[in-house]
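Q: structure, please.
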Amino acid sequence: MSVYLQLFWEFFKTGLFAVGGGMATLPFLHDIGESTGWYTQADLMNMLAVSESTPGPIGINMATYVGFTVGSSHGTAGAVLGAVVATLGEVTPSIVVILIVAAMLKKFRDSRYVNNAFYGLRPASTGLIGAACVAVVLEVLTHVVSLGTSEGGIVNRYALDGSLFNGQGLVLAAVLLVLTNWVKPTKNLHPIVFIALSAVVGVVFHFAGV
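A: Next comes the predicted model:
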């Protein structure tokens, strides 16, 4: 039972402090993976790819994915319970905050303190999303790997695993950029087409050992 309580608590904190949407949850998820050992940074990027490709908010999809994966060690029922618990942990803070805001908005919407609080949240949100973007770029387009933080530290350490750039990732990103912006027959296609094609390329590369 302790693992489910931990799942709820970790994702409760994520849902409470990840201001700025789904991508802002990535720094928190990175920290969860390092502190619990539930998944690696590479696993996190795979979860992100699946969560981006499936319907629904990214943050909630990620919570469901992690909960299911962690709970799977206790069988199918454990996996489903883990998914539910992690998802509830993720959404509970938002529900509580929305209810409080809805109850107090009429009274405080013109408050200078409320306006200043929201103004102060903007750089925090920008920083979280920026950190998520950096993490994705490093993992997908380079061979720079995260070593986590030193004991008692707050800044991540990184190391180079082989050559600097990931050739496959760069080529795929360049091809997608060209097809979605400058090739007339393809640039107006629905994004799901490019998601599906990228998934096919990934599967082919995997089985080809590339």
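
Q: ok, A117 to F108 distance?
A: 10 Å (CB to CB, to the nearest Å). No exception for glycine: its C-beta is placed from N, CA and C like everyone else's.

Q: what pairs with the longest strand anywhere in the chain, parallel or antiparallel?
A: Using DSSP state E, we find that the single longest strand of the chain is strand 156-165. Neighbouring strands of strand 156-165 in its sheet, by DSSP bridges, are strand 142-149 (antiparallel).

Q: give me the mean pLDDT for the strand it pairs with.
A: Per-residue pLDDT over strand 142-149 has a mean of 74.

Q: that older thread, looking at A117 and F108, which one has more neighbours?
A: F108 (13 against 10; other CB atoms under 10 Å).

Q: using the three-state scheme, assign V19.
A: Counting by DSSP: H, G, I helix; E, B strand; the rest coil, the backbone at V19 sits in coil.

Q: so V204 sits in a helix?
A: Yes - remark: V204 belongs to a helix, assigned using three-state DSSP.

Q: if we can go back for a sec, buried ones in the very next helix or strand once past the longest strand of the chain?
A: Per DSSP states H and E, the first helix or strand lying C-terminal to strand 156-165 is helix 167-181. The neighbour-count check on helix 167-181 (16 or more other CB atoms under 10 Å) flags 172, 176, 179 as buried.

Q: list the buried ones in stretch 133-141?
A: 135-136, 138-141.

Q: one more: stretch 67-87?
A: Neighbour-count burial for stretch 67-87 [16+ other CB under 10 Å]: 67-71, 78-79, 81-87.

Q: turn these into TSV, including secondary structure.
A: Formatted as TSV, these follow (three-state DSSP):
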residue	secondary structure
G67	helix
F68	helix
T69	helix
V70	helix
G71	helix
G78	helix
A79	helix
L81	helix
G82	helix
A83	helix
V84	helix
V85	helix
A86	helix
T87	helix
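
Q: nearest to A131 among those residues?
A: When these are ranked by distance to A131 (CB to CB), A86 comes first, at 21.5 Å.
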